[in-house]
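Colleague: Turn this into a model:
(one chain, ligands or ions: 2)
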Amino acid sequence: MNKVELQNIKEKALAEHIPIIMDDTLEALEKILNDVTLNRILEIGTAVGYSAICFSEFLQDGGVIDTIEREEDRVIEAQENIKRAEVEEKINILYGDAVEILPTLNNKYDMIFIDAAKGKYPFFLEQALRLINENGLIIADNILYKGYVMSDYNKHKQRTAVRNLREYIKEVMENPNLESQILEVGDGLCISKRK
Ligand code: SAH
Ligand code: MG
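Modeller: Numbering: from 1, shown residues only. Ligands and ions are numbered 1, 2, ... in the order given. Okay, here's the model as predicted:
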């Protein structure tokens, strides 16, 4: 991977207010990813490809990332970025709405990274549970959503998102097949291991 290009991609995304994975979130994840075997990763929410490019470092030889994005402009920019970062043989972008694409997928993944519409997190979880390998990781970014999720403030205009994020947390915590923890890094990261 081309690290200089990765830095350029990151700076441009930040300047354009694209919500890429935060540094401390990535650091926390990297510690975990160093200890697991990743042949196949699924990402929901590519944006401009920054997190997918970062994750590609943790793939085994021959491993792949499938990443889903519904905004055409972002798909185009992500494709360019992936090429610039010299990881195009490792990352496939699936263009479309994850709500429609996920049910069509059938191959299993070792890690599924959920980082798209917060109101859809419970649906993404349902699909992730179907698509995750045993011992795989289901990881959800932005799970604490600026602190709204853990506060009792319920009149915010984002309350649908908050309700769905709370439902996601409840479901992973109650699921006997998962071992879950929430890390207070970045915007909140929920890590669930499929037992
Ligand atoms: N993972 C990226 C950031 C993703 S930002 C990174 O860290 O670099 C969230 C992205 O999800 C946005 O680009 C948005 O267009 C996309 N998105 C939101 N809902 C979606 C959906 N239902 N299907 C596909 N993409 C979606
Ligand atoms: Mg995010």
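
Colleague: From ligand 1, how far off is G186?
Modeller: Distance, G186 to ligand 1, using CB to the nearest ligand atom, to the nearest Å: 10 Å. Just so you know, the C-beta spots here come from the backbone N, C-alpha and C atoms, and that holds for glycine as well.

Colleague: And that residue, what's its pLDDT?
Modeller: At G186, the pLDDT value in this model is 94.

Colleague: With the one 4 residues further on instead?
Modeller: pLDDT, the model's per-residue confidence, is 98 for C190.

Colleague: Paired strands for the helix or strand where it lies, with orientation please.
Modeller: Element membership of C190, judged by DSSP states H and E, is strand 189-194. Looking at strand 189-194 with DSSP bridges, its partner strands are strand 132-141 (antiparallel), strand 178-183 (antiparallel).

Colleague: Please verify my assumption that P122 contacts R166.
Modeller: No - taking contacts as CB atoms under 8 Å, P122 lies outside contact range of R166: 9.8 Å.

Colleague: ok, S56 - contacts?
Modeller: If you count contacts by CB atoms under 8 Å, 6 or more residues apart in numbering, S56 has them with 1, 65, 85, 87, 90-91.

Colleague: In ChimeraX, how would I select the buried members of those?
Modeller: Those of these that count as buried under 16 or more other CB atoms under 10 Å are selected in ChimeraX with:
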select :65,85,87,90,91
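
Colleague: Pull the distance from stretch 185-195 to the chain's centre.
Modeller: Offset of stretch 185-195 from its chain centre (CA atoms, centre = their mean, to the nearest Å): 10 Å.

Colleague: Quick check, central residue of this structure?
Modeller: Among the residues of the chain, the one closest to the centroid is F113, at 2.9 Å (CA atoms, centre = their mean).
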